[in-house]
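Enquirer: turn this into a model:
(one chain, ligands or ions: 2)
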Amino acid sequence: MRNIVMLTATAALAITLSGCNKKANEGGPPAGGAIEEPAMGAAADKLMEAARAVFKPIPLNPPKLEGNEATPEKLALGRMLYFDPRLSASHAISCASCHSIGLGGADNESTSIGHRWQHGGRNAPTVFNAAYNIAQFWDGRAKDLFEQAGGPMVNPVEMASPQDHIVEQLKSLPAYNDYFAKAFPGGGDPVTRENVQKAIAVFEATLTTPNAPFDKYLRGDNTALGSQQKAGLQLFMDKGCTTCHNGVNMGGGMYAKFGVQSSPGAKLLPPGDLGRFAVTKDEADRYSYKVPTLRNIALTAPYFHTGGVWDLNEAITIMGKAQLGADLTPDETAKIAAFLASLTGDTPQVTIPALPASTARTTRPQN
Ligand code: HEC
Ligand code: HEC
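Expert: Ligands and ions are numbered 1, 2, ... in the order given. Predicted structure coming up:
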């Protein structure tokens with residue numbers, strides 16, 4: 001009992017957002033509790049009005065997941081599972097290996113390093129603000145965070161756990177039984193794959209990054225962006241980047257072909273990766289991908305589903321040409337890059353959890 005009380009308090013303190021989220025930091029309601037949204041200030045000029053019509057600030061409160069309530073116990077459990085490398089066959093790889101909280105929710109690798117140093121086929125997208133995406137993965141093959149969380153643990157080039165290993169492993173770490181029982185009360189065996197996914201999803205939904213300079217601007221602070229950034233915002237809208245990168249996540253809301261106007265070439269669009277087509281088998285979806293979020297883009301190089309481009313300016317130039325048929329000048333590109341840098345918000349403040357101790361019964365790593 002004492003344990004769980006402490007856990008609850010830590011969860012409330014640890015999984016809060018920094019910055020103006022003062023109430024939660026003062027020990028008020030845990031993440032998910034209501035922080036009052038500031039009123040949108042009066043629009044100062046046309047640019048701000050135009051921006052407000054296509055973009056929305058990241059809400060100060062993380063989103064709620066339907067049918068999966070964010071209790072403090074579930075959040076704390078989800079955070080442990082996110083950081084626990086013993087959910088992988090090697091006991092060396094956790095969700096946090098490829099989605100590091102300190103690296104913008106990604107790994108700064110072209111393609112991630114997984115089980116036995118294998119590289120997967122695609123760049124790891126950020127988990128920050130992923131709850132706001134219409135679906136998960138570059139091709140949208142998982143409909144939400146719950147469904148997504150089932151993938152990596154058993155993916156042979158990621159965490160490589162055999163299907164039955166995960167539950168068996170958790171049961172061999174006795175302290176988890178108690179944490180699962182508290183997170184999923186109501187009888188029955190709470191240590192299930194489904195509950196693992198539910199807890200991870202609840203934790204992930206708290207990984208939002210509000211209070212970026214651009215959010216402050218959208219809320220009416222005209223001084224939050226510099227003149228170069230405002231010029232970049234204007235270009236971003238005038239050139240038509242907003243056709244695809246819009247809404248809260250400045251992306252994440254639709255699918256689009258990579259190469260609408262001209263192909264970016266086989267290095268960035270390897271013919272073997274068919275994108276959304278693999279999911280829908282619809283010819284129109286060949287080489288289509290989920291439009292990625294541009295939130296925190298300055299932190300998450302390298303870019304594109306191949307991770308083939310390290311320089312944000314180069315990525316912007318390629319986008320202009322491939323998606324819009326526009327040859328952006330270096331000056332235009334620099335202005336857009338300055339604007340995109342205003343999309344870096346508060347990093348979620350996450351305390352690395354102490355994990356249940358291994359025992360003599362704990363299954364051994366398989367390499
Ligand atoms: C070995 C590296 C690796 C590990 C470990 C890993 N991921 Fe990922 N993650 C990736 C890659 C690569 C993708 C993109 C794959 C694709 O789109 O086909 C991805 C995609 C995602 C996405 C989708 C984001 C979006 O915008 O589409 C989420 C959410 C996510 N991972 C969460 C997790 C969670 C939770 C875990 C732990 C259970 C985890 N990942 C473990 C590499 C990893
Ligand atoms: C027709 C839709 C569309 C338009 C218009 C568009 N993009 Fe994109 N953007 C995408 C898609 C799809 C991707 C993912 C490409 C891939 O790797 O498969 C992407 C990727 C990006 C990335 C890399 C993101 C990451 O995490 O790897 C950046 C940066 C970017 N776009 C910026 C821009 C800018 C700046 C413009 C305007 C000059 C623009 N985009 C116009 C659809 C679009």
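Enquirer: could you use CA atoms for every contact and neighbour count after this?
Expert: Will do.
Enquirer: which stretches of the stretch 151-300 of the chain form helices?
Expert: All helices of the stretch 151-300 of the chain, identified by DSSP state H, counting those that start in this stretch, fall at 165-171, 174-183, 193-205, 213-218, 227-239, 277-280.
Enquirer: ok, the last one near ligand 1 or not?
Expert: This means helix 277-280. No: Helix 277-280 stays clear of ligand 1 (Cα under 6 Å from any ligand atom), getting no nearer than 10.7 Å.
Enquirer: name the residues of that helix that are buried.
Expert: 277, 278 (16 or more other Cα atoms under 10 Å).
Enquirer: again with the second one
Expert: Within helix 174-183, the residues scored as buried using 16+ other Cα under 10 Å are 174, 176, 177, 179, 180, 181, 182, 183.
Enquirer: same question, the third one
Expert: Applying a neighbour-count criterion of 16+ other Cα under 10 Å, the buried positions in helix 193-205 are 195, 196, 197, 198, 199, 200, 201, 202, 203, 204, 205.
Enquirer: what is the mean pLDDT for that helix?
Expert: Taken as a whole, helix 193-205 has a mean pLDDT of 96.
Enquirer: what of the first one?
Expert: Per-region confidence: helix 165-171 scores 89 on mean pLDDT.
Enquirer: ok, the second one next?
Expert: Averaged across helix 174-183, pLDDT comes to 96.
Enquirer: what packs against that helix?
Expert: With contacts defined as 3 or more Cα pairs under 8 Å, 6 or more residues apart in numbering; DSSP states H and E, the packing partners of helix 174-183 are helix 72-83, helix 165-171.
Enquirer: so how far is the shortest one off the chain centroid?
Expert: For helix 165-171, the gap between its own C-alpha mean and the chain's C-alpha mean amounts to 26 Å (Cα atoms, centre = their mean, to the nearest Å).
Enquirer: what's it in contact with?
Expert: Under the criterion Cα atoms under 8 Å, 6 or more residues apart in numbering, residues 86, 87, 88, 153, 176, 177, 191, 192, 193, 362, 363 lie in contact with helix 165-171.
Enquirer: so which bits of it are buried?
Expert: Applying 16+ other Cα under 10 Å to helix 165-171 flags 165, 166, 169, 170, 171 as buried.
Enquirer: quick check, that helix touching ligand 1?
Expert: No: using Cα under 6 Å from any ligand atom, helix 165-171 stays clear of ligand 1, coming no nearer than 10.8 Å.
Enquirer: read off the pLDDT value for residue 27.
Expert: Looking at residue 27, the pLDDT reads 31.
Enquirer: sorry, slip of the keys, the one I care about is residue 31.
Expert: Looking at residue 31, the pLDDT reads 48.
Enquirer: equivalent analysis for residue 187, please.
Expert: Residue 187 carries a pLDDT value of 81.
Enquirer: just residue 38 next, same as before
Expert: 80.
Enquirer: what number of residues lie near it?
Expert: 9 (other Cα atoms under 10 Å).
Enquirer: for the residue of the stretch 1-150 of the chain found nearest ligand 2, give its distance to ligand 1.
Expert: Per Cα to the nearest ligand atom, residue 125 is where the stretch 1-150 of the chain lies closest to ligand 2, at 6.6 Å. Taking Cα to the nearest ligand atom, to the nearest Å as the measure, residue 125 falls 5 Å from ligand 1.
Enquirer: contact partners for that residue?
Expert: Here residue 125 is in contact with 99, 105, 106, 137, 138, 292 (Cα under 8 Å, 6+ apart).
Enquirer: for residue 138, same thing?
Expert: Counting by Cα under 8 Å, 6+ apart, residue 138 makes contact with 125, 275, 276, 289, 290, 291, 292, 305.
Enquirer: where along the stretch 51-200 of the chain do the strands fall?
Expert: Using DSSP state E, counting those that start in this stretch, no strands are found in the stretch 51-200 of the chain.
Enquirer: which residue lies nearest the spatial centre of the protein?
Expert: residue 127 (1.8 Å; Cα atoms, centre = their mean).
Enquirer: give me the pLDDT for the nearest residue to that one once chain neighbours are set aside.
Expert: Closest residue to residue 127 apart from its sequence neighbours, by Cα to Cα, 6 or more residues apart in numbering: residue 105 at 5.1 Å. Reading off the confidence values, residue 105 has pLDDT 98.
Enquirer: what number of residues lie near residue 105?
Expert: 27.
Enquirer: residue 45 too?
Expert: Counted with other Cα under 10 Å, residue 45 comes out at 10.
Enquirer: what separates it from residue 35, distance-wise?
Expert: Going from residue 45 to residue 35 by Cα to Cα, to the nearest Å gives 28 Å.
Enquirer: likewise residue 90?
Expert: From residue 90 to residue 35 the distance is 41 Å (Cα to Cα).
Enquirer: using a markdown table, lay out the helices and strands packed on helix 174-183 together with distance to residue 331.
Expert: Below are these laid out as a markdown table (distance: least, Cα to Cα, whole Å):
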| stretch | distance to residue 331 |
| --- | --- |
| helix 72-83 | 42 |
| helix 165-171 | 52 |
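Enquirer: so for residue 349, which of the ones you listed sits nearest?
Expert: helix 72-83 (11.9 Å; Cα to Cα).
Enquirer: how big is the angle separating the closest one from helix 193-205?
Expert: 90 degrees (axes from the mean of the first three to the mean of the last three Cα atoms, to 10 degrees).
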